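everything below, folded, please.
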Amino acid sequence: MSTNRFGVRALAVLGVAGLAVLGTPTIASAHVSAQPSEFTQGGRATFAFRVPNERDNAGTTKVEVTLPQDTPLTSVRTKPLAGWKSEVVKGKLDKPVTVGGKEITEAYKTITWTAEPGTKIGTTEYQEFFVSLGTLPEKDTLLLPAKQTYENGEVVDWSQAPGADGKEPEHPAPALKLAPKKAGEDGHGGHGTTPAANSTDTHQASAGSDQTARYLGGAGLAVGALGLGFGVGAILRSRRKA
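From the prediction side, this is the model:
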């Protein structure tokens with residue numbers, strides 16, 4: 001009788017563990033983020049704004065990113081995306097800023113992607129909007145606040161900076177982590193700072209994430225099957241003893 005109970009308990013514990021593994025989400029974050037997010041100060045960054053849809057009753061039809069004005073970017077490029085229209089707005093700065101020894105009076109202010117009729121990020125989907133930005137400032141973190149607009153008119157503002165305690169806020173802004181330039185680097189290599197390298201890195205990261213999810217799913221099934229085998233074996237042994 002005790003062996004029977006042990007087998008049932010083992011089956012239950014291992015089954016729950018398997019479900020927990022299978023239930024692991026494939027998208028690491030449920031908010032607008034930069035993928036990849038690590039680059040070199042003074043260089044360029046080519047990456048994607050990853051935008052998951054978080055509403056069950058509405059799709060995403062617009063994404064607007066605000067670019068820094070205190071450390072303005074001298075170059076902004078967007079990659080064409082079928083079904084979406086991109087617009088980069090440039091304007092005068094309130095005060096001139098010196099970047100790389102040059103005085104900058106105008107800078108890029110916003111990037112906006114708007115869905116064309118019949119296009120949206122569905123309720124169970126996410127989309128990636130690729131950009132190339134430069135020259136990156138000499139600071140540890142570059143925040144890139146974003147607004148996500150749903151087809152029902154709701155707007156979610158992803159603009160909060162991390163707290164002093166390092167905890168992630170409720171609506172964190174997409175951010176790039178910038179590492180100091182190493183001796184001998186010109187800012188145009190490493191960390192995927194070229195468009196081709198970054199595009200490949202991002203797709204590889206996405207593929208790696210999907211592959212990891214498959215591995216985790218397979219591991220969950222294996223654990224569940226192992227637990228089932230242990231449980232059935234224990235029950236059969238207890239019956240034979242009885």
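
just the C-alpha atoms of the host helix or strand of Lys62, please, in PDB.
Here Lys62 is covered by strand 60-66, with elements defined by DSSP states H and E. Listed next in PDB are the C-alpha coordinates belonging to strand 60-66 (Å, rounded to 0.1, in the frame of the first residue of the first chain):
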ATOM      1  CA  THR A  60      -1.400  46.200 -32.500                       C
ATOM      2  CA  THR A  61      -1.500  48.700 -35.400                       C
ATOM      3  CA  LYS A  62       1.100  51.400 -34.500                       C
ATOM      4  CA  VAL A  63       4.500  51.600 -32.800                       C
ATOM      5  CA  GLU A  64       6.300  54.900 -32.100                       C
ATOM      6  CA  VAL A  65       9.800  55.200 -30.700                       C
ATOM      7  CA  THR A  66      11.200  58.400 -29.200                       C
END
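
show the average pLDDT along it.
Across strand 60-66, pLDDT averages out at 98.

so what does it touch, helix or strand wise?
strand 45-52, strand 102-115, strand 146-150 (3 or more Cβ pairs under 8 Å, 6 or more residues apart in numbering; DSSP states H and E). All C-beta atoms are positioned from the backbone trio N, CA, C, and that covers glycine.

show me the shaky parts of this structure.
Across the chain, the ranges flagged by pLDDT under 70 are 1-29, 184-242.

let's go with 50 and repeat that
6, 8, 10-28, 188-216, 223, 232, 242 (pLDDT under 50).

please enumerate the helices of it.
2-22, 195-241 (DSSP state H).

hang on, the earlier thing: just say which of the helices and strands packed on strand 60-66 is most tucked in.
Of the helices and strands packed on strand 60-66, the one with the most neighbours on average (mean count of other Cβ atoms under 10 Å) is strand 45-52, at a mean of 23.

what's the angle from the longest strand anywhere in the chain to strand 60-66?
Secondary structure of the chain per DSSP state E: the longest strand is strand 84-99. Calculated by axes from the mean of the first three to the mean of the last three Cα atoms, to 10 degrees, strand 84-99 forms an angle of 10 degrees with strand 60-66.

got the angle for strand 84-99 vs strand 102-115?
Using the same axes, to 10 degrees: strand 84-99 against strand 102-115 is 160 degrees.

strand 84-99: which residues count as buried?
Buried residues in strand 84-99, counting neighbours by 16 or more other Cβ atoms under 10 Å, are found at 84, 86, 97, 99.

just put those residues in TSV and tack on distance to Thr46.
Below are the buried residues of strand 84-99 laid out as TSV (distance: Cβ to Cβ, whole Å):
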residue	distance to Thr46
Trp84	18
Ser86	15
Val97	23
Val99	19
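
biggest separation within these, which pair?
Within the buried residues of strand 84-99, Trp84 and Val97 form the most distant pair, 30.6 Å apart (Cβ to Cβ).

bridging residues for Val76?
On the basis of DSSP bridges, Val76 is bridged to Leu133.

list the residues that contact it.
For Val76, the contact set (Cβ atoms under 8 Å, 6 or more residues apart in numbering) comprises 67, 88, 108, 111, 131-133.

next one: Glu103
So Glu103 contacts 96-97 (Cβ under 8 Å, 6+ apart).

cool, and the one 5 residues further on?
With contacts defined as Cβ under 8 Å, 6+ apart, the neighbours of Tyr108 are 67, 72-73, 76, 88-90.

could you rerun that using 10 Å?
Applying Cβ atoms under 10 Å, 6 or more residues apart in numbering to Tyr108 gives the contacts 67-69, 72-76, 88-91, 133.

relative to Phe47, how far out is it?
Tyr108 sits at a distance of 16 Å from Phe47 (criterion: Cβ to Cβ, to the nearest Å).

same check on Val97?
As judged by Cβ to Cβ, Val97 and Phe47 stand 23 Å apart.
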